[in-house]
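J.: With the input below, show me the fold.
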Amino acid sequence: MLFVAKWNGEFVGFHAAGPLPNSDGWTTDYTGVIPSARRNGIALALKVKGAEVAIKARANWIMTHNDSSNVGMLSINIALGFKMQPGFAQMRKWL
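T.: Presented below is the predicted three-dimensional model:
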């Protein structure tokens, strides 16, 4: 699902969320807000809407991902109760 945020009739952000295949969980990923509209609670509202839809769909758990350098989104995810989990290190080699 893709949620779109408008402010004063203008597109300002989006959020993607949906069920995980072969699972009773959902993912709430990819939240973006245009720079001029940031720090107005839009990203938080989008993430909450994604979680509400997951709850109504009877998800048993919700996961998300966070770029380690995006402290704004990290603080939103922590405020929403997401906990850090052991994971993997993404590595890249530029050619």
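J.: mind checking how far Leu46 is from Lys6?
T.: Leu46 sits 11 Å away from Lys6, going by C-beta to C-beta, to the nearest Å. Yep, even glycine has a C-beta here, placed from its N, CA and C like the rest.
J.: Compare those two and say which one has the larger neighbour count.
T.: Leu46 (25 against 11; other C-beta atoms under 10 Å).
J.: quick one: what helix or strand has the more buried one in it?
T.: helix 42-56 (DSSP states H and E).
J.: Show me how far that helix is from its chain's centre.
T.: Centre-to-centre, helix 42-56 and its host chain are 8 Å apart (C-alpha atoms, centre = their mean, to the nearest Å).
J.: What of stretch 40-60?
T.: When distances are taken as C-alpha atoms, centre = their mean, stretch 40-60 is centred 9 Å away from the chain's centroid.
J.: Dump that stretch to PDB, keeping only the CA atoms.
T.: Extracted in PDB, the C-alpha atoms of stretch 40-60 (Å, rounded to 0.1, in the frame of the first residue of the first chain):
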ATOM      1  CA  ASN A  40       5.900  19.000  10.900                       C
ATOM      2  CA  GLY A  41       4.900  15.500  12.000                       C
ATOM      3  CA  ILE A  42       4.100  14.300   8.500                       C
ATOM      4  CA  ALA A  43       6.500  11.300   8.600                       C
ATOM      5  CA  LEU A  44       5.200  10.300  12.000                       C
ATOM      6  CA  ALA A  45       1.600  10.600  10.800                       C
ATOM      7  CA  LEU A  46       2.300   8.400   7.800                       C
ATOM      8  CA  LYS A  47       4.100   5.700   9.800                       C
ATOM      9  CA  VAL A  48       1.200   5.700  12.300                       C
ATOM     10  CA  LYS A  49      -1.300   5.300   9.400                       C
ATOM     11  CA  GLY A  50       0.700   2.400   8.100                       C
ATOM     12  CA  ALA A  51       0.700   0.700  11.500                       C
ATOM     13  CA  GLU A  52      -3.100   1.300  12.000                       C
ATOM     14  CA  VAL A  53      -3.800  -0.400   8.700                       C
ATOM     15  CA  ALA A  54      -1.600  -3.300   9.700                       C
ATOM     16  CA  ILE A  55      -3.400  -3.600  13.000                       C
ATOM     17  CA  LYS A  56      -6.800  -3.600  11.300                       C
ATOM     18  CA  ALA A  57      -5.500  -6.300   8.900                       C
ATOM     19  CA  ARG A  58      -4.700  -8.400  12.100                       C
ATOM     20  CA  ALA A  59      -0.900  -8.300  11.700                       C
ATOM     21  CA  ASN A  60       0.800  -9.900  14.700                       C
END
